[in-house]
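S.K.: Build me a model from this:
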Amino acid sequence: MIKIWQNDRIFFSYIFLYIVGVATLIFTTPLSPGEAELFYRESQSPIIWIARFFYEHFHHIFALRIVPFLLGVLNLWLFYNLLLDRFPRLEDRRFTLVIFSIIPGVITANVLLNDAIFALTLTLTFLVAYQKSIFSLQVLALTLLLTTTTAIFSIYFAVAIYALLRKEYPLGAIATILLFVSLALGIYNMGGHPRGYLIELFGVYVALFSPLFFVYYFYSLYRVAIEGIRDMIWSISFSALVISILLSIRQHILIVDFSPYLLAGVMIPVQVYFSSLRVRMRRFQTYYKIIGAIVLATLILSSAMVILNRPIYELLGRPHYFFASSLYEIPRKIEYLRSRGKMCHPKVKSRYEALYHFYNMPSCKP
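M.R.: Numbers count the residues shown, from 1 in each chain. Sure, this is the predicted structure:
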């Protein structure tokens with residue numbers, strides 16, 4: 001399974017086809033309700049500003065998504081650079097990059113307009129800069145994270161604790177200052193009453209990673225905490241997971257809140273798996289290979305659901321419960337209303353209002 005990635009032709013063909021596939025999804029996937037809300041929301045994120053600028057000049061859905069697409073390509077390069085010191089074998093690095101690229105959350109972030117892709121780029125940039133000891137780039141990446149609406153306090157907390165424990169006082173001091181700044185500005189809302197959203201949180205992470213891969217990711221973070229090397233990548237990912245679990249007691253956690261800081265640590269479960277597999281004699285590796293194959297199969301299946309969401313939706317008879325149904329139902333409803341001579345739409349869920357407005361179909365007045 002791993003050896004095929006030694007072949008340059010296979011690996012670079014995969015990267016080319018992956019980029020072409022993501023670009024195809026950008027053109028063929030209708031605008032989502034979340035993208036429409038971001039387009040109209042007051043935001044400090046440069047990604048949203050640039051998307052609005054491009055759309056004003058080109059009036060095409062690709063204009064809204066070109067920046068996430070380009071950042072997604074950049075993230076592949078940044079993520080691969082993080083693997084150079086962790087995986088001595090070339091095929092291991094390439095295989096881990098492929099795993100990262102097919103994570104459902106990564107594919108979705110590369111296709112749809114979102115704020116999390118910028119946070120992921122900055123997180124990977126910080127980690128590469130930390131790995132190469134480029135202090136100015138570390139500070140720049142951490143500071144720019146203030147422009148995102150993700151749970152940035154979690155990465156500042158992780159960096160501050162890790163740096164101070166390792167007596168890296170300049171980095172620890174900057175991370176601590178940024179932590180207090182993020183909390184003072186209230187960029188991320190931490191209010192709410194105890195309601196118990198933990199089950200929903202795990203549903204979010206299952207959608208982000210695929211079911212079995214998330215379970216193994218969770219186990220890998222715990223395994224490293226007990227007996228592994230707790231480096232900066234682990235610190236950021238572990239802190240994001242623990243803080244999100246604690247916050248889920250009081251509030252609903254969105255998929256974009258902590259996902260950038262968890263996606264940056266995708267290499268951790270892969271490294272734990274390889275370590276567990278290769279420490280054993282060949283005749284005792286069968287059990288681990290079977291587990292790895294099952295986890296990989298579920299990951300590929302989840303990724304295929306995201307990539308092939310439109311044909312699957314049509315094949316199932318356009319069910320309302322399908323996860324991507326709103327992408328295709330709302331444009332059809334708008335087309336139907338216009339064919340009936342309607343210039344406004346009846347009352348809909350509040351989260352769909354922005355999408356109707358984007359298609360120039362305002363809400364009917366009483």
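S.K.: tell me what the strand or helix carrying I10 is packed against?
M.R.: Using DSSP states H and E, I10 sits within helix 8-28. Applying 3 or more CB pairs under 8 Å, 6 or more residues apart in numbering; DSSP states H and E, we find helix 8-28 packed against helix 61-83, helix 90-101, helix 104-111. From N, CA and C alone the C-beta is placed, and that goes for glycine too.
S.K.: and stretch 319-329, how far out from the chain's middle?
M.R.: Centre-to-centre, stretch 319-329 and its host chain are 21 Å apart (CA atoms, centre = their mean, to the nearest Å).
S.K.: So which of the helices and strands packed on helix 8-28 is nearest A160?
M.R.: Among the helices and strands packed on helix 8-28, helix 61-83 comes nearest to A160, with 20.6 Å by CB to CB.
S.K.: quick check: mean pLDDT across that closest one?
M.R.: The average of the pLDDT scores along helix 61-83 is 94.
S.K.: buried ones in it?
M.R.: Buried positions in helix 61-83, judged by neighbour count with 16 or more other CB atoms under 10 Å: 61, 63-69, 71-72, 75-76, 78-83.
S.K.: now stretch 27-35
M.R.: So, applying 16+ other CB under 10 Å, buried residues of stretch 27-35: T29, P30, L31, S32, P33, G34, E35.
S.K.: Among these, which one sits closest to N7?
M.R.: T29 (31.5 Å).
S.K.: That closest one touches I307, doesn't it?
M.R.: No: using CB atoms under 8 Å as the test, T29 is too far from I307 to be in contact (10.1 Å).
S.K.: just to revisit the earlier point, let me have the helices and strands packed on helix 8-28 in TSV, extended by distance to D231.
M.R.: Listed next are the helices and strands packed on helix 8-28 as TSV, based on distance: least, CB to CB, whole Å:
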stretch	distance to D231
helix 61-83	10
helix 90-101	15
helix 104-111	21
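S.K.: Quick one: closest of those to L296.
M.R.: Nearest to L296, of those and by CB to CB, is helix 90-101 at 8.0 Å.
S.K.: With only the CA atoms kept, save that closest one in CSV.
M.R.: The C-alpha coordinates for helix 90-101 follow below in CSV (Å, rounded to 0.1, in the frame of the first residue of the first chain):
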residue,chain,number,x,y,z
LEU,A,90,9.9,9.2,1.1
GLU,A,91,6.9,6.9,0.6
ASP,A,92,5.7,7.6,4.2
ARG,A,93,5.7,11.4,3.6
ARG,A,94,3.9,11.0,0.3
PHE,A,95,1.3,8.6,1.7
THR,A,96,0.7,11.0,4.7
LEU,A,97,0.2,13.9,2.3
VAL,A,98,-2.4,11.8,0.4
ILE,A,99,-4.2,11.1,3.6
PHE,A,100,-4.3,14.8,4.5
SER,A,101,-5.6,15.7,1.0
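S.K.: So which elements touch that helix?
M.R.: Helix 90-101 packs on helix 8-28, helix 61-83, helix 267-278, going by 3+ CB pairs under 8 Å, 6+ apart.
S.K.: how far off helix 90-101 does the second one point, in degrees?
M.R.: By that I understand helix 61-83. Angle of helix 61-83 versus helix 90-101, following axes from the mean of the first three to the mean of the last three CA atoms, to 10 degrees, is 150 degrees.
S.K.: One more: the first one?
M.R.: Taking the same axes, to 10 degrees, helix 8-28 and helix 90-101 form an angle of 10 degrees between their directions.
S.K.: Let me see the contact set for the closest residue to F54 other than its chain neighbours.
M.R.: Distances taken as CB to CB, 6 or more residues apart in numbering put A63 closest to F54, at 3.7 Å, once the chain neighbours are dropped. Shown in contact with A63 (CB atoms under 8 Å, 6 or more residues apart in numbering): A51, F54, Y55, H57.
S.K.: Please flag which of those sit within helices.
M.R.: A51, F54, Y55, H57 (DSSP state H).
S.K.: Out of the residues you listed, the closest to Q251 would be?
M.R.: Nearest to Q251 among these, with distances taken as CB to CB, is A51, at 27.3 Å.
S.K.: distance of the residue nearest to that closest one when sequence neighbours are not counted from N110?
M.R.: What sits nearest to A51 in space, not counting adjacent residues and going by CB to CB, 6+ apart, is L64, at 4.7 Å. In this view, L64 and N110 are 13 Å apart by CB to CB, to the nearest Å.
S.K.: cool, and W5?
M.R.: Taking CB to CB, one finds W5 at 21 Å from N110.
S.K.: same check, this time on P269
M.R.: Distance from P269 to N110, by CB to CB: 21 Å.
S.K.: Likewise for Q138?
M.R.: Taking CB to CB, one finds Q138 at 25 Å from N110.
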